[in-house]
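K.L.:
Have a look at this prediction, sequence included:
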Amino acid sequence: MTEKQEKIIQAALELFAREGYHATSTSKVARHAGVSEGLIFRHFENKKGLLRAIIRVGEERLQSLYAAIVLESDPKKAVKKAIELPFTVPESEYGFWRLQYKLKWELPDYTPGKMEPLRIALSNAFEKLDYASPKMEAEFLIHFLDGLGSGLLKNDVVEKEKLRQHLLTIYEV
């Protein structure tokens, strides 16, 4: 990806997160990125292509975050890493992740399958830990962490460290 493509994606991320995808024009993205509108069309074809590029960047970042969990062979460490994941996202990246959450709700073709590697890794971990319903426990934890992630991004979680410790205690990891 070229430097200008990265500038365009960053500008679009900021504007889509702040003003919404539908309310942001490509000309506004171009002004914010300091490039011509034609360059956006050259690199991304249209506004939807720009959005697809942003979603792809999100998927790559998500896979990178999940890699440590998916590759972990110790089941307790895998569960612990999953619990700690939302607490490790730097606040400087909150804008990016807020947009990913927004897109999840706004776009009909948002890919729900991107959580599948985490689902399988946690299900395997809970199975090794002799949970009665490992798949349901994995499903529960993923949805809980998704909600927690939303709360963290909205700065709506008052006692982050106590909550993190509570979760680690509940799962004995």
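P.N.:
Received it, and whenever you're ready, just let me know what you need. Bear in mind that the values here come from a model prediction, so they are computed numbers and not experimental data.
K.L.:
Just the residues contacting the one helix or strand in the chain whose mean pLDDT sits lowest, thanks.
P.N.:
Lowest mean confidence among the helices and strands of the chain (mean pLDDT, DSSP states H and E): helix 94-106, at a mean of 82. Outside helix 94-106, the residues that touch it by Cβ atoms under 8 Å, 6 or more residues apart in numbering are 13-14, 16-17, 20-22, 51, 54-55, 58, 61-62, 89, 110, 149-150, 153. In short, each C-beta sits where N, CA and C put it, glycine included.
K.L.:
got the contact list for the longest helix along the chain?
P.N.:
Secondary structure of the chain per DSSP state H: the longest helix is helix 47-70. With Cβ under 8 Å, 6+ apart as the test, helix 47-70 has contacts from 5, 8-9, 12-13, 16, 21, 25-26, 29, 40, 44, 78, 81-82, 85, 89, 96, 99-100, 103, 107, 110-111, 114, 117-118, 120-122.
K.L.:
quick one: average pLDDT of that helix?
P.N.:
Mean pLDDT, computed over helix 47-70, is 89.
K.L.:
Pull out the CA atoms of that helix and give them to me as PDB.
P.N.:
What follows is helix 47-70 as a C-alpha-only set of coordinates in PDB (Å, rounded to 0.1, in the frame of the first residue of the first chain):
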ATOM      1  CA  LYS A  47     -16.600   5.000  -2.000                       C
ATOM      2  CA  LYS A  48     -17.700   1.300  -1.500                       C
ATOM      3  CA  GLY A  49     -14.200   0.200  -2.600                       C
ATOM      4  CA  LEU A  50     -12.700   2.500  -0.100                       C
ATOM      5  CA  LEU A  51     -14.900   1.000   2.600                       C
ATOM      6  CA  ARG A  52     -13.900  -2.500   1.500                       C
ATOM      7  CA  ALA A  53     -10.300  -1.500   2.000                       C
ATOM      8  CA  ILE A  54     -11.000  -0.200   5.500                       C
ATOM      9  CA  ILE A  55     -12.800  -3.500   6.300                       C
ATOM     10  CA  ARG A  56      -9.900  -5.500   5.000                       C
ATOM     11  CA  VAL A  57      -7.500  -3.500   7.200                       C
ATOM     12  CA  GLY A  58      -9.700  -4.200  10.200                       C
ATOM     13  CA  GLU A  59      -9.800  -7.900   9.400                       C
ATOM     14  CA  GLU A  60      -6.000  -8.000   9.100                       C
ATOM     15  CA  ARG A  61      -5.600  -6.200  12.500                       C
ATOM     16  CA  LEU A  62      -8.200  -8.500  14.100                       C
ATOM     17  CA  GLN A  63      -6.300 -11.600  12.800                       C
ATOM     18  CA  SER A  64      -3.100 -10.200  14.200                       C
ATOM     19  CA  LEU A  65      -4.700  -9.700  17.600                       C
ATOM     20  CA  TYR A  66      -6.200 -13.200  17.600                       C
ATOM     21  CA  ALA A  67      -3.000 -14.900  16.400                       C
ATOM     22  CA  ALA A  68      -1.600 -15.100  19.900                       C
ATOM     23  CA  ILE A  69      -4.800 -16.800  21.200                       C
ATOM     24  CA  VAL A  70      -5.200 -19.100  18.200                       C
END
